[in-house]
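Student: Following is a predicted model, sequence given first.
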Amino acid sequence: MDFYFLLKGVAIGFAIAAPVGPIGVLCIRRSLASGWLAGFASGLGAATADGIYGCIAGFGLTIISDFLVGQQFIIRLVEGLFLCYLGVKTFLSTVSQEAAKTGEAKSFMGNYLSTFFLTITNPMTILAFVVIFGGLGLGKINNFLGAGLLVVGVFLGSALWWLFLAFIASGLRQKLSSSLLQGVNWIAGVIITAFGLVALVDIMNY
């Protein structure tokens, strides 16, 4: 019976990761620029944050979730500013064929940490987990093994989505010229900056 918690976690993690947002744009852009490993590292950072939030929701750690929700103004401010920084940095970056072929390992940790930070500072993520877990009757599971498997499943489901997206995007890498890849940088930079500006405007409602 505990195995079903793992399957439910995989489904939840996949469903929460799949909607395209700033993390998705970063994953696609980095996969195109530096290969699937760079894109997957970006997604893995988000998957780790999803796993942490799944742990908070699955083990019923309401004190932590309530604190995060209560600090939405500061958290969203930091997230918005960081998104704007990443957007501008992406827009101004230049495409180098040599860097695209050799930069995967060097940028792995930076890609991982940037998306982890973006996901962990998004209060809407913990709200999504609380709502989904509550709706499915998964809040405060009185079974530590089941709760643990649920959290592992959330991480695996999220990671599977990012691995899939990174492979699809990197498959197009060799088919695009340097000028087209540069265009991807510009478009991605504008989109990511737009997400950051939206986050900054949203905090006025808090």
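Tutor: Nice, I can see it.
Student: Do you know the pLDDT at the residue positioned nearest the centre of the chain?
Tutor: With distances taken as C-alpha atoms, centre = their mean, Ala46 lies nearest the centre of the chain, 3.2 Å away. Ala46 carries a pLDDT value of 91.
Student: For the host helix or strand of it, buried residues please.
Tutor: Applying DSSP states H and E as the criterion places Ala46 in helix 36-58. Residues 36-58 are the ones in helix 36-58 that count as buried (16 or more other C-beta atoms under 10 Å). The way it works is simple: take the backbone N, C-alpha and C, and place the C-beta from them, glycine included.
Student: Pull out the CA atoms of it and give them to me as PDB.
Tutor: Output in PDB follows, covering the C-alpha atoms of helix 36-58 (Å, rounded to 0.1, in the frame of the first residue of the first chain):
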ATOM      1  CA  TRP A  36      20.900  18.600 -21.800                       C
ATOM      2  CA  LEU A  37      23.100  18.400 -18.600                       C
ATOM      3  CA  ALA A  38      22.900  22.100 -18.100                       C
ATOM      4  CA  GLY A  39      19.200  22.100 -18.600                       C
ATOM      5  CA  PHE A  40      18.700  19.100 -16.400                       C
ATOM      6  CA  ALA A  41      20.800  20.700 -13.600                       C
ATOM      7  CA  SER A  42      18.500  23.700 -13.700                       C
ATOM      8  CA  GLY A  43      15.500  21.500 -13.400                       C
ATOM      9  CA  LEU A  44      17.100  19.400 -10.700                       C
ATOM     10  CA  GLY A  45      17.400  22.500  -8.500                       C
ATOM     11  CA  ALA A  46      13.700  23.100  -8.900                       C
ATOM     12  CA  ALA A  47      13.000  19.400  -8.200                       C
ATOM     13  CA  THR A  48      15.000  19.600  -5.000                       C
ATOM     14  CA  ALA A  49      12.900  22.600  -3.800                       C
ATOM     15  CA  ASP A  50       9.700  20.800  -4.800                       C
ATOM     16  CA  GLY A  51      10.900  17.800  -2.700                       C
ATOM     17  CA  ILE A  52      11.500  20.100   0.300                       C
ATOM     18  CA  TYR A  53       8.000  21.700   0.000                       C
ATOM     19  CA  GLY A  54       6.500  18.200  -0.500                       C
ATOM     20  CA  CYS A  55       8.200  17.300   2.800                       C
ATOM     21  CA  ILE A  56       6.700  20.300   4.600                       C
ATOM     22  CA  ALA A  57       3.200  19.500   3.200                       C
ATOM     23  CA  GLY A  58       3.500  15.700   3.600                       C
END
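Student: Determine the set of other helices and strands touching that helix.
Tutor: Helices and strands touching helix 36-58, by 3 or more C-beta pairs under 8 Å, 6 or more residues apart in numbering; DSSP states H and E, are helix 2-17, helix 22-34, helix 62-70, helix 104-120, helix 123-135, helix 144-171.
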